[in-house]
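Novice: This is the structure alone, sequence omitted:
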């Protein structure tokens, strides 16, 4: 799940995800792990991140691939790895799209 940068999720509670188009299709998880995927590398133009060496990168990549189910790793007919948006991020995206359509229609009417 991708969330807004300041969004807080209570990991002690179940989490529900939904299909971005067919929003009535939901799945709830009781056992899950959340972790940030972005790390700040520069601050005010200064490097603040300890760069890993190539062996650390290799080990990290291997462990991440190993964490995937075999259904996702197979070459023949692999499952699609789904990534969902949090409800807040999904609503922000939809509101931006609606505003863009509204502005586009208004602009088109003015040019006619």
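Specialist: Arrived safely, thanks for sending. Just so we're clear, the structure is a prediction, and the values are computed from it rather than from any experiment.
Novice: Grab the nearest non-local neighbour of residue 84.
Specialist: Distances taken as C-beta to C-beta, 6 or more residues apart in numbering place residue 17 nearest to residue 84, at 4.3 Å, with adjacent residues excluded. For the C-beta atoms, the positions are set from N, CA and C on the backbone; glycine is no exception.
Novice: Show the contacting residues for residue 73.
Specialist: If you count contacts by C-beta atoms under 8 Å, 6 or more residues apart in numbering, residue 73 has them with residue 65.
Novice: For it, give its distance to residue 63.
Specialist: 13 Å (C-beta to C-beta, to the nearest Å).
Novice: Now for the two: what residues contact both?
Specialist: Contacts common to residue 73 and residue 63, judged by C-beta under 8 Å, 6+ apart, are absent.
Novice: Could you check stretch 15-31 and say which residues are buried?
Specialist: Neighbour counts over stretch 15-31 (16 or more other C-beta atoms under 10 Å) mark 15, 17-18 as buried.
Novice: next one: stretch 46-54
Specialist: Under 16+ other C-beta under 10 Å, stretch 46-54 has no buried positions.
Novice: hang on, the earlier thing: okay if I get the buried residues of stretch 15-31 as a markdown table plus distance to residue 100, secondary structure and pLDDT?
Specialist: Shown next, in a markdown table, are the buried residues of stretch 15-31 (distance: C-beta to C-beta, whole Å; DSSP: H, G, I helix; E, B strand; the rest coil; pLDDT from 0 to 100):
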| residue | distance to residue 100 | secondary structure | pLDDT |
| --- | --- | --- | --- |
| 15 | 29 | strand | 93 |
| 17 | 25 | strand | 92 |
| 18 | 23 | strand | 90 |
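Novice: Which one of those is nearest to residue 69?
Specialist: Nearest to residue 69 among those: residue 17, at 16.7 Å, using C-beta to C-beta.
Novice: OK, contacts around the closest one?
Specialist: Counting by C-beta under 8 Å, 6+ apart, residue 17 has contacts 1, 26-29, 84.
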